[in-house]
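Colleague: 3D model of this:
(2 chains)
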Amino acid sequence: MRHFISAWKIGGHSLRENYKNKFFSLFIIFAGVLIYASLLAGVMAVDEEARMLTDTGLALMELMTLAYSVLAAASAITREIETKTIYLVFSRPVSRPAYLAGKAGGLYAAAALMLGVMALLHLSLIYSRGFTPPPFYLKAVFFIWCKILMISSVTLFVSLFTTSTFSAVSIAGILWILGHFTSEAKFLIARSSGAAALALSAGAYLTPNFQLFNARDLGAAAPPPAAPGFLAAYLLVWMAAPYLFSLALFRKKEF
Amino acid sequence: MSAEKIVSFSDVYKTYRRPGLLRTFEAPALDGLSLELERGEIAGLLGLNGAGKTTIMKLMTGLLFPDAGSISVFGLPPSGMAAKNRIGFLPELPYFHPSATASEALAYYAGLSGLNGPAARARIDAVIGKVGLLPHAGKRVSEFSKGMMQRLGVAQAVVHDPELLILDEPVSGLDPLAIHEIRDLISEFNGAGKTVFLSSHSISELEKLSGRVFIMVKGRLAKTIARAQWESTPGGLEEIFVGTVRAAA
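Modeller: Next up, the predicted model:
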């Protein structure tokens, strides 16, 4: 119970730190401007204006939340170490698992808040144009959040062994891109053999498959998404595994 | 009857290791250190830069782990939750999130120490008053001067009413008035029967506050001096310190 309370407090503090951060507001404002600027593209799409507004808005929401979340996750713990605020935490009865869980929880909550505000801005645009959002809208926003949960967890872990925030962000960016090409990787694996197939398989399994949660596919003539149980299990694995690896690195870390 | 020992270092070794491209660079910090703190005393730690003062404090608070030897705090391992519950720590140049107010920062650290609800609120108000930050409780930390930041640092260290207060350079860079107020706070804390362990570069500060002073030279405990000894020595603690450091060099 004590660990849970510590994690809850650290999570709450991390969330406050995030939403009080001026970059948090700047990212939302910038996303809002871009979402409203997509009105021009929507008008040019004529009959497809509603779809254009929805797709562009969702893509912008995903990109902006991704950019902020990866930056925040890459610096969440390293900044506490650099500023030595971590001394004030770990000189108290706070366990390392609780600290990591709290930090991750705060980042997840900040991403949810950011996505929520962006979604409101986006919906206001859709309604102001006299359209209604598609039925999969909320599911699409939720799926974007799922992708952010996975990449934030991985980035937090990567930040514990990389030498700088920049390198953690770079690795996260590479994983994000690779994770959107899993089906192409599978195609290559099927056509390869020997060491190449082995290397490609290892790469594919060590990269989260973001295609499973692709929001745009929900509205397009794409293959139906995987079963909810599988998606939930996949998400949990990609949140739990980085957490456990982080814990292994963090357990004996000195400050 | 001898006083209860609440902190014990026994033959402790600590070396910092920094991995390089071809080899690991090693910097020995503590070399077979043994010392004990007694309940209710104010003990000072004196030494040149790199003598191992901060390392000792980090080992006591479980931020570092010893390479060899044993450390116990209240008879418990310092990295355990039970020992940490009873410790308050002020690191050198404490930092708080700039957008938080003094009250919010204290509430966060009080919460991490297990204080919640109205009891926490009352305690935070009392501690903020005690360190003289009551008029600034609602101000953002980014507006604080160095002295105010240090007071907030002391407040977070005592907010959960610890039995042992560990202060790393508590008066470093402060103006004379702030130094006087921090000194009063430490004395008041000790007056309530609590133990204080502090490091400082200021010999006069340690002379005013401490009952005993440990002199560290290159990671070794070179000398332990009681107040009576430096008071009876011409030149006081400074003379003893200089002599000890020169003899060990």
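
Colleague: for chain B, what spans make up the helices?
Modeller: B:53-60, B:81-84, B:102-112, B:117-130, B:146-158, B:176-191, B:203-209, B:227-231, B:236-248 (DSSP state H).

Colleague: Format these as a markdown table; extra columns: mean neighbour count and distance to chain A.
Modeller: In short, each C-beta sits where N, CA and C put it, glycine included. Formatted as a markdown table, these follow (neighbours: other Cβ atoms under 10 Å in any protein chain shown; distance: least, Cβ to the nearest Cβ, whole Å):
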| stretch | mean neighbour count | distance to chain A |
| --- | --- | --- |
| helix B:53-60 | 24 | 7 |
| helix B:81-84 | 19 | 4 |
| helix B:102-112 | 23 | 4 |
| helix B:117-130 | 15 | 11 |
| helix B:146-158 | 22 | 6 |
| helix B:176-191 | 16 | 16 |
| helix B:203-209 | 19 | 21 |
| helix B:227-231 | 14 | 28 |
| helix B:236-248 | 16 | 27 |
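
Colleague: In a markdown table: these, plus mean pLDDT.
Modeller: Shown next, in a markdown table, are the helices of chain B (pLDDT from 0 to 100):
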| stretch | mean pLDDT |
| --- | --- |
| helix B:53-60 | 96 |
| helix B:81-84 | 93 |
| helix B:102-112 | 94 |
| helix B:117-130 | 91 |
| helix B:146-158 | 91 |
| helix B:176-191 | 88 |
| helix B:203-209 | 91 |
| helix B:227-231 | 92 |
| helix B:236-248 | 91 |
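
Colleague: who wins for proximity to A:Ala37 among those helices?
Modeller: Closest to A:Ala37 of the helices of chain B is helix B:102-112 (Cβ to Cβ; 36.7 Å).

Colleague: got the contact list for that closest one?
Modeller: A:5-6, A:9-10, A:13, A:16, A:88-89, A:92-94, B:96-97, B:100, B:116, B:120-121, B:123-124, B:127-128, B:133, B:136-139, B:141, B:144, B:152, B:155-156, B:159-160 (Cβ atoms under 8 Å, 6 or more residues apart in numbering or on different chains).

Colleague: try stretch B:69-88
Modeller: A:2, A:91-95, B:6-13, B:32-34, B:59-62, B:65, B:113-114, B:156-160, B:162-166.

Colleague: Now that stretch - C-alpha only, PDB.
Modeller: Taking Å, rounded to 0.1, in the frame of the first residue of the first chain, the C-alpha atoms of stretch B:69-88 are listed here in PDB:
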ATOM      1  CA  GLY B  69      32.300  -2.500   5.100                       C
ATOM      2  CA  SER B  70      29.000  -2.000   6.800                       C
ATOM      3  CA  ILE B  71      26.800   0.900   7.600                       C
ATOM      4  CA  SER B  72      23.800   0.900   9.900                       C
ATOM      5  CA  VAL B  73      21.400   3.800  10.700                       C
ATOM      6  CA  PHE B  74      19.200   3.200  13.800                       C
ATOM      7  CA  GLY B  75      20.500  -0.400  13.600                       C
ATOM      8  CA  LEU B  76      19.100  -0.800  10.100                       C
ATOM      9  CA  PRO B  77      20.500  -0.800   6.600                       C
ATOM     10  CA  PRO B  78      20.400   2.800   5.300                       C
ATOM     11  CA  SER B  79      18.900   1.900   1.900                       C
ATOM     12  CA  GLY B  80      15.800   0.300   3.700                       C
ATOM     13  CA  MET B  81      12.500   2.100   4.100                       C
ATOM     14  CA  ALA B  82      12.500   1.800   7.900                       C
ATOM     15  CA  ALA B  83      15.700   3.800   8.300                       C
ATOM     16  CA  LYS B  84      14.800   6.400   5.700                       C
ATOM     17  CA  ASN B  85      11.600   7.100   7.600                       C
ATOM     18  CA  ARG B  86      13.700   8.500  10.400                       C
ATOM     19  CA  ILE B  87      16.100  10.600   8.400                       C
ATOM     20  CA  GLY B  88      15.900  14.200   7.000                       C
END
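
Colleague: who's the residue most central in space within chain B bridged to?
Modeller: Central residue check for chain B by Cα atoms, centre = their mean: the C-alpha nearest the mean position is that of B:Leu167, 2.0 Å away. Applying DSSP bridges to B:Leu167 yields these beta-bridge partners: B:Leu90, B:Leu198.

Colleague: Can you check the pLDDT for it?
Modeller: For B:Leu167, the pLDDT comes out at 95.

Colleague: about what we covered before: which of the contacts of stretch B:69-88 are buried?
Modeller: A:91-94, B:6-9, B:12, B:33, B:59-62, B:113-114, B:156-160, B:162-166 (16 or more other Cβ atoms under 10 Å in any protein chain shown).

Colleague: now A:Ser95, nearest residue through space, not along the chain?
Modeller: Leaving aside its sequence neighbours, A:Ser95 sits nearest to A:His3 (Cβ to Cβ, 6 or more residues apart in numbering or on different chains; 5.3 Å).

Colleague: A:Leu123 too?
Modeller: Nearest one to A:Leu123, counting by Cβ to Cβ, 6+ apart, is A:Pro133 at 6.1 Å.

Colleague: Report the contact partners of the one you found.
Modeller: So A:Pro133 contacts A:Thr54, A:Leu123, A:Ile126 (Cβ under 8 Å, 6+ apart).

Colleague: try B:Phe25
Modeller: B:Arg17, B:Arg18, B:Pro19.

Colleague: Identify each buried residue in the helix or strand containing A:Leu39, please.
Modeller: If you go by DSSP states H and E, A:Leu39 is part of helix A:22-44. Buried residues in helix A:22-44, defined by neighbour count with 16+ other Cβ under 10 Å: A:Phe24, A:Phe27, A:Ile28, A:Ala31, A:Gly32, A:Leu34, A:Ile35, A:Tyr36, A:Ser38, A:Leu39, A:Gly42.

Colleague: ditto for stretch A:157-171
Modeller: In stretch A:157-171, the ones that count as buried by 16+ other Cβ under 10 Å are A:Phe157, A:Val158, A:Ser159, A:Leu160, A:Thr162, A:Thr165, A:Ala168, A:Val169, A:Ile171.

Colleague: Closest one of those residues to A:Pro228?
Modeller: Closest to A:Pro228, out of all of the buried residues of stretch A:157-171 and judged by Cβ to Cβ, is A:Phe157, at 25.9 Å.

Colleague: Surely that closest one is in contact with A:Pro242?
Modeller: Yes: using Cβ atoms under 8 Å, A:Phe157 is in contact with A:Pro242, at 3.9 Å.

Colleague: Tell me, how many residues neighbour the residue nearest to A:Ser95?
Modeller: For A:His3, the neighbour count with other Cβ atoms under 10 Å in any protein chain shown is 17.

Colleague: part of a strand, is it?
Modeller: No: using DSSP: H, G, I helix; E, B strand; the rest coil, the assignment for A:His3 is helix, not a strand.

Colleague: Please tell me how far it sits from A:Ala101.
Modeller: As judged by Cβ to Cβ, to the nearest Å, A:His3 and A:Ala101 stand 8 Å apart.

Colleague: list residues touching both of the two?
Modeller: In contact with both A:His3 and A:Ala101: no residue, using Cβ under 8 Å, 6+ apart.

Colleague: Spell out for me which residue occupies the centre of chain A.
Modeller: A:Ile148 (1.3 Å).

Colleague: SS state for that residue?
Modeller: helix.

Colleague: correct me, but it touches A:Leu66?
Modeller: Yes: judged on Cβ under 8 Å, A:Ile148 makes contact with A:Leu66 at a distance of 6.3 Å.

Colleague: the helices in the stretch 101-250 of chain A, which residues?
Modeller: For the stretch 101-250 of chain A, the helices defined by DSSP state H, counting those that start in this stretch cover A:137-159, A:165-178, A:182-191, A:194-205, A:215-219, A:228-250.

Colleague: now, of those helices, which is deepest in the fold?
Modeller: helix A:137-159 (a mean of 23; mean count of other Cβ atoms under 10 Å in any protein chain shown).

Colleague: Sounds good, over and out.
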